[in-house]
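Chemist: make a model of this:
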Amino acid sequence: MQKSFTLVDHPLVQHKLTLMRDKTRPTANFRQLLREIALLLAYEVTRDLPTELREVETPLETMQAPMLSGKKLCFVSVLRAGNGLLDGMLDLIPSARVGHIGLYRDPDTLEAIEYYYKVPHDINERQVIVVDPMLATANSVSAAITRLKKDQPKKIKFVCLLAAPEGVAAFAQAHPDVPVYTAALDRQLNDHGYILPGLGDAGDRIYGTR
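Modeler: Here you go, the predicted structure:
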C-alpha cells in the first residue's frame with residue numbers, strides 16, 4: 001500500500017460521487033459534480049500548505065494573522081481528463097500556477113509517449129499537485145510523474161477521483177514517495193483496464209465524446 005494513501009470519505013464527496021456513477025447522468029451535470037468534488041478534494045490535499053504570520057488591520061485593531069507562504073502552488077493536469085478536476089481546484093485556489101502533461105501509449109510497445117509538456121519554469125521551487133480522475137493501471141500517471149520529477153519540484157502529491165487496488169499497488173511501486181488522495185477505492189479492474197464498479201471513461205463522460 002502507498003506510504004500515504006488518503007481516502008476522502010466526507011459525506012458530500014461520497015454523495016456527489018454516487019450521483020456521478022449513475023450512467024444516465026447528463027454530461028453537463030456530470031461535469032458540474034466533478035468540479036464540486038474537485039474543490040472538496042483540493043481542500044483536503046492542501047491541508048498542510050505552509051503559512052506565515054502577516055500584519056493585517058481589522059476594523060477594530062491590528063493583528064498578526066496566517067497567510068500562505070512561499071511560491072504559489074502548481075496544479076499539473078494529465079491530459080485530457082485531468083482538466084475536469086483542475087477546474088474545481090482552481091475555483092478554490094485561483095492564484096495557483098498550472099502545468100499540463102500529455103501522454104499516449106504506443107500500441108506496439110505499450111510505452112508511454114509524451115506529446116505535450118508545459119509547466120512553470122520555476123517548478124523546482126513549487127509544491128505540485130498532479131490531477132487525473134482515474135487511477136486504474138497507473139501506467140499513464142506514473143509516466144507523467146516520472147517526467148515531472150526530472151524538473152525536481154519541492155513536493156508532489158497526486159489526486160484522483162477513483163482508484164483501483166491494482167493501480168494503487170502499481171503506483172506505490174513506481175512512486176512510493178508520492179501521497180495519493182482519492183474519493184473512492186473501488187473493487188478491481190476489468191480485462192480492458194476499466195475500474196469496477198467505477199463510472200465509465202471519465203474523459204468521455206466529461207466531454208460527451210461517447
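
Chemist: name the SS class of the residue lying farthest from the centre of the chain, please.
Modeler: In the chain, the greatest distance from the average C-alpha position (Cα atoms, centre = their mean) is reached by L60, at 40.6 Å. Here L60 is recorded as coil under DSSP: H, G, I helix; E, B strand; the rest coil.

Chemist: G70 touches K155, doesn't it?
Modeler: No - taking contacts as Cβ atoms under 8 Å, G70 lies outside contact range of K155: 10.7 Å. Every C-beta, even on glycine, is put in place using the N, C-alpha and C of the backbone.

Chemist: and the residue positioned nearest the centre of the chain, bridged to which residues?
Modeler: In the chain, the C-alpha nearest the mean C-alpha coordinate belongs to V131, at 2.4 Å (Cα atoms, centre = their mean). Using DSSP bridges, the bridge partners assigned to V131 are S77, V159.

Chemist: that one and V78 touch, don't they?
Modeler: Yes - using Cβ under 8 Å, V131 is in contact with V78, at 7.0 Å.

Chemist: now for G70 and K155: what residues contact both?
Modeler: Q127 (Cβ atoms under 8 Å, 6 or more residues apart in numbering).

Chemist: thinking again about what came up before, roughly how far does the residue nearest to the centre of the chain sit from P26?
Modeler: V131 sits 23 Å away from P26, going by Cβ to Cβ, to the nearest Å.

Chemist: which ones are touching S142?
Modeler: 170-171, 174-175 are the contacts of S142 under Cβ under 8 Å, 6+ apart.

Chemist: check A170 too.
Modeler: 137-139, 142.

Chemist: inside helices: which ones of the residues you listed?
Modeler: 139, 142 (DSSP state H).

Chemist: so can I have CSV of the contacts of A170 showing distance to P165?
Modeler: Below are these laid out as CSV (distance: Cβ to Cβ, whole Å):
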residue, distance to P165
T137, 12
A138, 11
N139, 15
S142, 15
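
Chemist: most neighbours, which of the contacts of A170?
Modeler: A138 (26 neighbours; other Cβ atoms under 10 Å).

Chemist: L7 against D186, yeah?
Modeler: No - assessed by Cβ under 8 Å, L7 is found out of contact with D186, at 11.3 Å.

Chemist: okay, those two: which has more neighbours?
Modeler: D186 (20 against 13).

Chemist: list the contacts for that one?
Modeler: 162-164, 195-198.

Chemist: again with D204
Modeler: R210.

Chemist: rerun that using 10 Å as the cut-off
Modeler: 27, 81, 210 (Cβ atoms under 10 Å, 6 or more residues apart in numbering).
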